[in-house]
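Peer 1: Predicted model and sequence follow; I will ask about them next.
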Amino acid sequence: MRRNYVRAVGTAALAALAMVAAAGCQDAGSGTAGGGDKCGGKIAIFGAFTGANSGLVLPSLNGAKLAVKQHNEKNPDCQVKLEEFDTTGDPAQATPVANRVAQDQSFLAVIGGHFSGETKATMQTYEAAGMVMVSPSATAPELTQQDNKAFHRVVGNDLTQGAAAATYIKNTLKGQKVFVIDDATTYGQGIAGETKKGLGPLVAASDKVQTGQSNFDATISKIKSAQADTVVYAGYTNEAAPLLKQLRAAGVQAKFLGFDGIYSPEFASGAGAAAEGAIITCPCLPASEAGGTFSADYEKEFGEAPGSYGAEGYDGAVVLLEGIKAGKNTRQGLLEWVDSYDKQGVSKYIKFDETGDVDKSKVVIWAYEVKGGQITAQQEIKLS
Amino acid sequence: MNFDELFGHLGQHTVDGLAKGAIYALVALGYTLVYGVLKLINFAHSEVFMVGTFAVMGTWALLGATDGPSFGMVVLLVVAGLAAGALASGATAVAVERIAYRRLRRMNAPPLIFLITAIGLSLVLAEAFGLWQGRIVKGMPDVVRHDIWLTIGNTEISNRQIITVVAALGMMFALDRFINGTRYGRGVRAVAQNPDTAALMGVNQDRVIMLIFLLGGLLAGAAALLWSIRYGITKFDIGFLVGLKAFTAAVLGGIGNLRGALVGGLLLGVVEVYSATLTSSSWEDVAAFVVLVVVLLFRPTGLLGESLGRARA
């Protein structure tokens, strides 16, 4: 009895100590306050930095980090701090982050969200706090149709990507019977709908799966009986990799096309040999096409080529950093700065329309192919 | 409602459903065994299965498995995978019993406490694997190549589907024989009927309980191998959905009843594929649980009723 008591007290003391230590670390991190006349400030970046779909988002985080690092080296008197908030892409985890960032006045602006669902769940919070959001990769069309003042994105939306995918399926893959699957998320449903619209009568059948699902017998059963020659999957890697693997294992040889949600190395490694020849469309620029020294700088810094949205993450950060450097050190000032931004970025020419989308004529969509386990750029999809 | 599609390819959808349900049935046996004896739902069983899939994956990687290896290699990989999966899952199941249950049982803790320790341990296992192995989907090589073994009309039955269903049936019958035909099985049935009397008659209760956890674990390991052959992927939280479905299958067939687990699993698989065909895959869980509720409304003890030893003692 006595021993148990001692043990319990000991554990409690240890736990308390650990908490104090953790709190101490946090305090040390958030020393500088925003506002005032001083140049510099804090930017929050949020997205799926861990979890199943992080492979898609990490290049963007790295791109933003690179931009901030370059800025700080060039401007010793205007230091900007980038603070990361991991949401695993889950809207339920992004909401508390948004509340925290919105209330902490030392944050001037937000880079994110990286997925459409988490963005939709938080954009009102940021708008109410008068902050500007610059998203490198949230592509759902509805995000810019809600009259939200906070939201901007440096990437094309799914209307264009869906139309481009439909064009590619018709002209390059020559699909006649297309089976369209989505994962019932904001992102998946939206882009699948656009693709179906573009394909019209070529859509043979469709199905909806659930996130977290790991066996797809029912879907594959439907694909087989539809005798589809092309399978389109609108969703993320975590479901796409097992689906494609099981599809090939069931002897279905139909061509496979996915969207930017599966543009990550984990897709190729998770599906293994089954991924060979899979097509991925993405409104993101191949590293080799990015402007300036971005690609080389990124490779030097992180030891790998920039993957999906590396250039977009960099651009998103640069838009904000230039504003801060121009002396915009209030939330309102930075929001106005982004609204009137008009300049060439590394991924594309960046100028936002009143809804927060980039100019449609500047959006580029590329088709990538999985070759030998690597996602390689194949061709730019021209919208005709 | 796409009735044309369902009835046009009824055979194919039924076969796909049965093969899907066979895996549920195998995992369901673990839930049912433990419940039959202890009147306790072992929620950590889903993680026992998950550990098995990782053991199979690790063993295959060690042996240098590739897509579609030669016949000798296939035999080696299957045997080694079965051994590793069964060993890892069996050991995990026994460890779960030792860590989460034994002490509580000695202290006559109320059943709710067992439930909570089981859920806790299950989270610990899943999250530990998530941290250790990463949270992304892991692919495995295609060890058994896809092949159509049977074609009846427009229904194609693949080698993997046949292997899964035959293995599930085989293991169910082996387990049934073990429980009803051997000396150890008699001990299990005795403890299931009346633990106190069994103890008075000289049955070592702890050993019997360990035995059923071990058996449940071995079956989960075998299920992990079949899963790896058929689906070829795993991830840290793979056990959650599979475990939930298997538990549902066990309740559907009558929890505590070995044959019920098989019937429940196969039925659940077929219902899921039918409902997915009629509407879309996102409705399959709705349909599965509607069937469960309806069955329980009319037969509260499941399709075949609760029994491990009781009815057939």
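Peer 2: Here it is on my side, so go on.
Peer 1: Which single residue of chain A ends up nearest chain B?
Peer 2: For chain A and chain B, the shortest gap (C-beta to the nearest C-beta) falls at A:Ala218, measuring 3.3 Å. Yep, even glycine has a C-beta here, placed from its N, CA and C like the rest.
Peer 1: Hmm, B:Leu278 and that residue touching each other?
Peer 2: No - counting by C-beta atoms under 8 Å, B:Leu278 is not a contact partner of A:Ala218; they are 10.3 Å apart.
Peer 1: Which of those two has more residues huddled nearby?
Peer 2: A:Ala218 (26 against 16; other C-beta atoms under 10 Å in any protein chain shown).
Peer 1: tell me which element that one falls in.
Peer 2: helix A:217-226 (DSSP states H and E).
Peer 1: Let me see the residues that make contact with that helix.
Peer 2: A:177, A:179, A:181, A:204-205, A:207, A:209, A:231, A:243, A:246-247, A:250, A:252, A:254, B:5, B:8-9, B:12-13, B:16-17, B:19-20, B:156, B:269, B:272-273, B:276-277, B:281, B:284 (C-beta atoms under 8 Å, 6 or more residues apart in numbering or on different chains).
Peer 1: Pull out the buried positions in stretch B:58-76.
Peer 2: Neighbour counts over stretch B:58-76 (16 or more other C-beta atoms under 10 Å in any protein chain shown) mark B:58-60, B:65, B:69, B:74 as buried.
Peer 1: repeat for stretch B:94-107
Peer 2: Across stretch B:94-107, burial judged by 16+ other C-beta under 10 Å covers B:94-97, B:100-101.
Peer 1: One more: stretch A:128-137?
Peer 2: For stretch A:128-137, burial by neighbour count (16+ other C-beta under 10 Å) applies to A:129, A:131-137.
Peer 1: And the helices in the stretch 201-350 of chain A?
Peer 2: Along the stretch 201-350 of chain A, counting by DSSP state H, counting those that start in this stretch, helices occupy A:217-226, A:237-249, A:265-271, A:294-302, A:310-325, A:331-339.
Peer 1: would JSON lines of those with mean pLDDT be doable?
Peer 2: Output for those, formatted as JSON lines (pLDDT from 0 to 100):
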{"stretch": "helix A:217-226", "mean pLDDT": "88"}
{"stretch": "helix A:237-249", "mean pLDDT": "90"}
{"stretch": "helix A:265-271", "mean pLDDT": "86"}
{"stretch": "helix A:294-302", "mean pLDDT": "89"}
{"stretch": "helix A:310-325", "mean pLDDT": "92"}
{"stretch": "helix A:331-339", "mean pLDDT": "93"}
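Peer 1: With A:Val358 as the reference, name the closest of these.
Peer 2: For the helices of the stretch 201-350 of chain A, proximity to A:Val358 was assessed by C-beta to C-beta; helix A:310-325 is nearest, at 9.6 Å.
Peer 1: Which residues are in contact with residue 289?
Peer 2: Picked chain A for this. Applying C-beta under 8 Å, 6+ apart, we find A:Glu289 in contact with A:Ala377.
Peer 1: You answered for a different chain; I wanted chain B.
Peer 2: Contacts of B:Phe289 by C-beta under 8 Å, 6+ apart are B:Thr248.
Peer 1: can you tell me the helix or strand for it?
Peer 2: Per DSSP H and E: helix B:284-298 holds B:Phe289.
Peer 1: Now that helix: buried residues?
Peer 2: Here helix B:284-298 shows B:284-285, B:287-288, B:291-292, B:295 as buried, counting by 16+ other C-beta under 10 Å.
Peer 1: Would you format these as CSV with distance to B:Gly217 and pLDDT included?
Peer 2: As requested, the buried residues of helix B:284-298 are arranged in CSV below (distance: C-beta to C-beta, whole Å; pLDDT from 0 to 100):
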residue, distance to B:Gly217, pLDDT
B:Glu284, 28, 83
B:Asp285, 27, 84
B:Ala287, 31, 86
B:Ala288, 26, 85
B:Val291, 29, 88
B:Leu292, 26, 87
B:Val295, 28, 88
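Peer 1: quick check, nearest of these to chain A?
Peer 2: Distances from chain A to the buried residues of helix B:284-298, taken by C-beta to the nearest C-beta, are shortest for B:Glu284, at 5.9 Å.
Peer 1: Run a quick check on that closest one versus B:Val270, I expect a contact.
Peer 2: No - B:Glu284 lies out of contact with B:Val270 (C-beta under 8 Å); the separation is 11.0 Å.
Peer 1: Now do the SS call for A:Ser113.
Peer 2: One thing to correct before we go on: residue A:113 is Gly, not Ser. coil (DSSP: H, G, I helix; E, B strand; the rest coil).
Peer 1: and it, what does it touch?
Peer 2: With contact set as C-beta under 8 Å, 6+ apart, A:Gly113 has these partners: A:46-47, A:87, A:94, A:119, A:122, A:133, A:135, A:138.
Peer 1: Could you export these as CSV, including secondary structure and distance to A:Gln79?
Peer 2: Output for the contacts of A:Gly113, formatted as CSV (DSSP: H, G, I helix; E, B strand; the rest coil; distance: C-beta to C-beta, whole Å):
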residue, secondary structure, distance to A:Gln79
A:Phe46, strand, 21
A:Gly47, strand, 23
A:Thr87, coil, 26
A:Ala94, helix, 27
A:Thr119, helix, 28
A:Thr122, helix, 27
A:Met133, strand, 22
A:Ser135, strand, 24
A:Ala138, coil, 28
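Peer 1: Out of those residues, who's the most crowded?
Peer 2: Busiest of these [other C-beta under 10 Å] is A:Gly47, holding 34 neighbours.
Peer 1: For B:Gly202, see how far away the residue nearest to B:Gly185 when sequence neighbours are not counted is.
Peer 2: Using C-beta to C-beta, 6 or more residues apart in numbering or on different chains and skipping the chain neighbours, the partner closest in space to B:Gly185 is B:Ile179 (4.1 Å). For B:Ile179, the distance to B:Gly202 (C-beta to C-beta, to the nearest Å) stands at 19 Å.
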